[in-house]
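*Asks:* how would this look folded up:
(2 chains)
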Amino acid sequence: MNMNRRQFFKVCSAGLSGSSIALMGFSPTAAQAEVRTFKLARATETRNICPYCSVSCGVLIYSTGDKSKNSQAEIIHIEGDPDNPVNRGTLCPKGAGLRDMVQSANRLKWPEVREAGTNEWKKISWMEAFDRIAKHMKTDRDANFVAQNKDGVTVNRWTSTAFLASSAAPNEAGYLTVKTIRAMGMTSIDTQARI
Amino acid sequence: MTNHWVDIKNADLIFVMGGNPAEAHPCGFKWAIEAKKNRKAKLVVVDPRFNRTASVADYYAPIRPGSDIAFLGGVINYLLSNDKIHHDYVKAYTNASFLINDGFNLDDGIFTGYNDEKRSYDKATWSYQMGEDGFAKVDETLQNPRCAFQLLKAHYSRYTPDMVQKVCGTPKEAFLKVCEYIAETAAPNKTMTNLYALGWTEHSVGSQNIRCMAIIQLLLGNMGMAGGGINALRGHANVQGITDFALYAQNLPGYLAVPSDAEPDLKTFLDKKTPKMLRPGQMNYGQNLPKWYISLHKAWWGDAANKDNGFAYDFMPKLAGASDVLSIFDQMYQGKINGFLCQGFNPLASVANKKKVGDALAKLKWMVVMDPLATDTSEFWKPHGEFNDVKPEEIPTEVFRLPTTLFAETSGSFTNSGRVIQWRWKAADGPGDAKDDTEIMASLFLKLKEMYAKDGGAFAEPIQKLTWAYRIPNKPSPEELMMEFNGKALADVVDPKDPTKVLVKAGEQLPSFAMLRDDGSTTCGNWIYCGVWSQAGNNSARRDNSDPSGLGQTLNWGFAWPVNRRILYNRASADLSGKAWDPKRTVLKWLGDKWGGNDVPDMRPDAAPDQNVMPFIMTGEGVGRLFSLGLMNEGPFPEHYEPFESPLDNNPMHPKNPKARANPAARVYKGDMEAFGTAKDFPYVATTYRLTEHFHYWTKQSRVNAIMQPEQFVEIGEELAKEKGIAIGDKVKVRSNRGFIKAVAVVTKRIKALDVDGKKVHTIGIPIHYGFKGATKPGYITNTLTPFVGDANTQTPEYKAFLVNIEKA
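*Replies:* Next up, the predicted model:
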């Protein structure tokens, strides 16, 4: 039989209610009662990858809603993806806690700034954040950009602002990051991957 | 990994040293258990702690942290003196027969060319003897005393079993038993896989630890084989991908060289960096560098990169010298860095010497943290009791904290340790106003571009001309980005042998890097990823897990770089005539007119065996290197050096030469040398490690992980606990010369004292996962203790061997 995991759950729950009703002598068509279905059967299933170690285990994320434009999905369960040839449905104690990571009490929800010398965070808008940061970047770049070295060789680099990159970001974010910061002339670049 | 996770099941021996996969990579370690169950494979573990990998091993041997080269050098000596090598393989597929420059020598632990003021080598003599024909000279009998094989033999003859015991503290019998297991895989149809992780890399000699294993695997003929290879069990789920995309200074995407001040124009750069052919008839695949490099410039700067301006060669910033986390924080500490953008990285916790890192951050004018979570780093300025004792009023750094999405909230690809690129789909939005890293980078870039357009400023051309053909400019989609780094044809790509034959039509996605051109007619943002999004679509999203060969190759699952090849150097899995060394595990064989089998050939498909094209196609000589020429900074053969903080006063292999005590080529900054402690004040060896329940400094933010392992502890052996009057559960203070931490003592039988060079050496194990932010109990940051010195090649800090003292708190 050719079916995916969700269809499998649906068939199982349907089969269970059908057969037990028949067992009790009711006609299936007249039955009003329903056996409780497996609750993930109605969730939306999304394939993703555990972000922790480099085994990169396949995971199935179950969320509420059907991903339509005006529905807000909430992640209700994460488990190993049985189709993934490496982890074959398993997760370790790190990955088994993934839902608590997504819903960590320490998730950041809005941009903030800590002004120089103060002892508190202040909520700011994205627009203010981008504006202030870009100004800082431009001021430092314009002041410290090195177009030529002392021998007159064109070097076009900006060393006085540093960038440390995540190794948990996807390839596409890594690519856009390296593309933009190199174009700005940055050379003080490193990644978590080194350590 | 040269091989991949599932391939571990094909091994006859799983040799784990410098890693602890049962706890750090549990779901990958399953394949070691499969090999034990189904192939009767053996599992051998060498580690300072009897960890959970050791607990299921067939054999375990203890070792003093930081003495791995002495141990592995001993293995090399054992294999050579007991004639346990794969002769045909060594002779044909390695540089054993190559003659080495007569000037090359080792003198009491120091190789030829050392400059002790600069702490570096002139590597001129670390080279082949070149013949008049322009190729390296060889002696196929392997008898010439200057051939790499004889030099290797002489070099490691000093690494006797007695010396191993003296340096490593490993009982001689245990060492010899490990050697016997390893030696069995010298048979052509037996393979050993080697699994290592940060236990090898986080040393001042980290890269040379791995070089030792490369030499061993070449001697045994295990490279390219199913169940063989050198397999790094890496960190984060996309640590491989981020390394491949070169989010660091010394390379560009796909490990391309970066222009430096010594290469003022494109021609000089390409001439210098394109490798030369060292033996006749080899592939020397690196000779295609100009195609990869120019295609990168075309991907980034489009029409602004053309033949007339050297494809915008000057748009790429030239390397400014050292730029790794240690050097960046040292420059910051010296006040040479004003701004700092920190993307999904928690350096206050994860970089050596927390005090120095915190003081460095306090010298910044501004810092931007982009992270899904409130990290320790983002609050380096905030008092958190004894765990972060700072005065905010004295810290002038302006700190921005921008919320980003997590894995479940974005689409895009991750590359696992086995180089398999796999697509992920977004499941839900991030909380509140969180944005994707791509949107944040794009928005900052576009803002800056707008300011330069309006106000002008320093050299804005590379910013103004950067290609930006994204449908929504501030939200480049992962699909658009993957298509871009895969690359496409700008004009028809034709067959060089028959220009009337069009291989790829203008505008089409490229199927492989073999289609890249150096005339500006192709784009490619990362040549090794070329093929991941071909005309067939997103190959990383393929989900056919069928495995007809039974080897676990699953060639239609995701897409592996390069060109979907699952086992690197797989040509070496067959003999010179093209027959598999082990027909039961055929990876590749010669089919009469082409190479075929169960993988994408790592060889020109039509290179008949009698053409003698050798398997290591990225080297100019086509063979694997026992002698690594000038590629390593501390020598062409690994030599044992003590950790910078060692319980011994000198290097037992060179007791009279203080220059050869610790890695002579390792970089040590002013002030950091002074911050090293000595055994007089800090008599115990410390090594950091990871727990099954936690991942780095990340899962401390997750409630269920915090419940499983709630609090910082340190692990000590029973004998040391008795000596110091420490009982299980006592609060202890662990000090190094850089600071102290307090934690709960866990007393175990897992770490035993070893007898090293006539001295009893105790080791203390310190898990790394805690800090002052998170769901776990607030605690000290382990890296308060660690030394600010790294490997001489990678600058990865020496977290795995340093000195501490311990007392009841």
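*Asks:* where does B:D376 land on pLDDT?
*Replies:* pLDDT, B:D376: 98.
*Asks:* Which residues are in contact with the nearest residue in space to it that is not next to it in sequence?
*Replies:* Among residues not flanking B:D376 along the chain, B:G771 sits closest, at 4.4 Å (C-beta to C-beta, 6 or more residues apart in numbering or on different chains). No exception for glycine: its C-beta is placed from N, CA and C like everyone else's. Under the criterion of C-beta atoms under 8 Å, 6 or more residues apart in numbering or on different chains, the neighbours of B:G771 are B:346, B:349, B:376, B:387, B:697, B:700, B:778-781.
*Asks:* now do A:F163
*Replies:* Per C-beta under 8 Å, 6+ apart, neighbours of A:F163: A:177, A:181, A:186, A:188-190, B:340-341, B:343.
*Asks:* at 6 Å instead, please
*Replies:* A:F163 makes contact with A:181, A:186, A:189, B:341, according to C-beta atoms under 6 Å, 6 or more residues apart in numbering or on different chains.
*Asks:* Run through the strands of the stretch 101-250 of chain B in chain order.
*Replies:* B:106-107, B:110-111, B:114-115, B:120-121, B:192-196, B:230-232 (DSSP state E, counting those that start in this stretch).
*Asks:* nearest to chain A, of those?
*Replies:* Taking C-beta to the nearest C-beta, strand B:230-232 is the member of the strands of the stretch 101-250 of chain B nearest to chain A, at 8.4 Å.
*Asks:* chain center to that closest one: distance?
*Replies:* Here the centre of strand B:230-232 is set off from its chain's centre by 9 Å, with C-alpha atoms, centre = their mean, to the nearest Å.
*Asks:* In chain A, what helix or strand scores lowest on average pLDDT?
*Replies:* The weakest-scoring helix or strand in chain A, judged by mean pLDDT, DSSP states H and E, is helix A:5-23 (a mean of 48).
*Asks:* Show me what from the stretch 701-809 of chain B comes close to chain A.
*Replies:* B:701-705, B:796 (C-beta under 6 Å from any C-beta of the partner chain).
*Asks:* Tabulate these (CSV), appending pLDDT and neighbour count.
*Replies:* Compiled in CSV, these are given as follows (pLDDT from 0 to 100; neighbours: other C-beta atoms under 10 Å in any protein chain shown):
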residue, pLDDT, neighbour count
B:Q701, 97, 23
B:S702, 97, 28
B:R703, 97, 18
B:V704, 97, 16
B:N705, 97, 29
B:T796, 97, 24
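*Asks:* Which secondary structure state does B:I528 sit in?
*Replies:* Following DSSP: H, G, I helix; E, B strand; the rest coil, B:I528 is assigned to helix.
*Asks:* and it, how far is that from B:S295?
*Replies:* 12 Å (C-beta to C-beta, to the nearest Å).
*Asks:* what's the answer for B:G758, then?
*Replies:* B:G758 is 59 Å from B:S295, by C-beta to C-beta.
*Asks:* Among the two, which residue is more densely surrounded?
*Replies:* Neighbours were counted for B:G758 and for B:S295 using other C-beta atoms under 10 Å in any protein chain shown; B:S295 has more, 31 against 8.
*Asks:* got a pLDDT number for that one?
*Replies:* 98.
*Asks:* now do A:R42
*Replies:* 86.
*Asks:* quick one: it and A:N144, what's the gap?
*Replies:* To A:N144, A:R42 is 57 Å away according to C-beta to C-beta.
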